[in-house]
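Undergrad: Predicted model and sequence follow; I will ask about them next.
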Amino acid sequence: MLAIDEVVFPTQVSYGSKGGPGWKTEIVELATGYERRNGLWSNQRAKYDAKYGVRNATDLWNVRAFFNARRGRLRGFRYLDWLDGTSRGPVSKGWGSTDQAIGTGDGTTTTFQLVRTYQTTSDPAPYTRPITKPIVVTIAVNGTTATTGWSANLTTGIVTFTTAPAAAAAITAGYVFHVPVRFDIDDLDVSFDHFNAGEVPSIPMVELKL
């Protein structure tokens with residue numbers, strides 16, 4: 001079983017960290033110069049490096065303690081991506097109950113998975129990403145915020161209605177979310193003298209597919 005602790009990597013460090021989404025594409029170049037491309041992943045897999053968010057000895061100690069508690073690569077955890085941490089994008093932009101479409105009522109279905117759709121204007125191939133580790137969620141039905149009649153599981157991202165939304169009802173959501181990740185190293189080799197000189201080793205993390 002994939003072990004994930006419902007704890008958050010120090011946010012003061014993630015604020016300055018570096019990283020973003022990644023994909024895996026297989027490309028075969030033909031003798032004619034044409035190429036064939038095959039996408040091997042259906043969902044993104046982000047990578048981050050906390051090295052860039054460590055600003056002082058307190059940050060370094062907090063990361064070290066957190067790393068030990070996760071036993072290196074063994075246990076997953078939550079990570080806040082400040083650039084893409086809400087239903088609108090950057091955390092600074094906030095969120096609202098009509099931000100993201102998560103489903104359409106049919107009079108029977110009561111559960112809906114939180115998702116975030118990435119697309120530009122007239123995008124021919126938008127990408128819809130499942131959101132499995134929300135922090136806070138707001139829901140709207142047909143554009144009206146619903147304050148009761150539903151609940152959100154903050155460890156799976158599944159929204160459950162007490163009564164199934166009516167047929168053709170537009171179900172939308174707004175939220176802040178974490179990315180499930182793990183460390184990508186088992187050894188955190190840090191010299192305090194080097195830290196004082198401005199040198200911090202890479203502290204890589206990789207997104208977990210749940």
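TA: In hand now; what should we look at? Numbering: from 1, shown residues only.
Undergrad: Please count neighbours and contacts with C-alpha atoms only from this point.
TA: Fine.
Undergrad: which other residues reach stretch 148-163?
TA: If you take C-alpha atoms under 8 Å, 6 or more residues apart in numbering as the criterion, stretch 148-163 is touched by 6, 110-114, 131-137.
Undergrad: Could you rerun that using 10 Å?
TA: Residues from elsewhere that reach stretch 148-163 (C-alpha atoms under 10 Å, 6 or more residues apart in numbering): 4, 6, 102, 107-115, 130-139, 164-165, 173, 177-178, 180, 210.
Undergrad: Of those residues, select the buried ones using a PyMOL command.
TA: Buried residues among these (16 or more other C-alpha atoms under 10 Å), as a PyMOL selection:
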select buried, resi 4+102+109+111+112+113+114+115+130+131+132+133+134+135+137+138+139+164+165+173+177+178+180
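Undergrad: Restricted to strands, list the contacts of stretch 148-163.
TA: Among the contacts of stretch 148-163, the members found in strands (DSSP state E) are 4, 6, 102, 111-113, 115, 130, 134-139, 173, 177, 180.
Undergrad: which ones are touching P21?
TA: Neighbouring residues of P21 by C-alpha under 10 Å, 6+ apart: N43, Q44, R45, A46, K47, Y48, D84, V206, E207.
Undergrad: Tell me which two in these are the farthest apart.
TA: Put simply, by C-alpha to C-alpha the two of the contacts of P21 set farthest apart are N43 and Y48, 16.5 Å from each other.
Undergrad: So for those two, which residue has more residues nearby?
TA: Y48 (23 against 16; other C-alpha atoms under 10 Å).
Undergrad: Parallel or antiparallel, list what pairs with the helix or strand that contains the more buried one.
TA: Assessed by DSSP states H and E, Y48 sits inside strand 47-49. Next to strand 47-49 in the sheet, as set by DSSP bridges, lie strand 18-20 (antiparallel), strand 204-207 (antiparallel).
Undergrad: List of residues touching that strand?
TA: By C-alpha under 10 Å, 6+ apart, strand 47-49 touches 14, 16-22, 79, 81, 181-184, 201-208.
Undergrad: ok, 7 Å please
TA: S17, K18, G19, G20, P21, G22, S202, I203, P204, M205, V206, E207 (C-alpha atoms under 7 Å, 6 or more residues apart in numbering).
Undergrad: gap between A125 and T144?
TA: According to C-alpha to C-alpha, to the nearest Å, A125 and T144 sit 29 Å apart.
Undergrad: More neighbours: which of these two?
TA: T144 (13 against 9).
Undergrad: Low-confidence regions, the chain specifically.
TA: Applying pLDDT under 70 to the chain flags the ranges 1, 191-199.
Undergrad: Show me the domain layout of this structure.
TA: Following automatic domain parsing, one finds the domains of the chain at 1-85+178-210, 90-177.
Undergrad: What count of nearby residues applies to G157?
TA: G157, neighbours per other C-alpha under 10 Å, totals 20.
Undergrad: In space, what's closest to it - neighbours in sequence excluded?
TA: Nearest non-adjacent residue to G157, counting by C-alpha to C-alpha, 6 or more residues apart in numbering: T132, 4.2 Å away.
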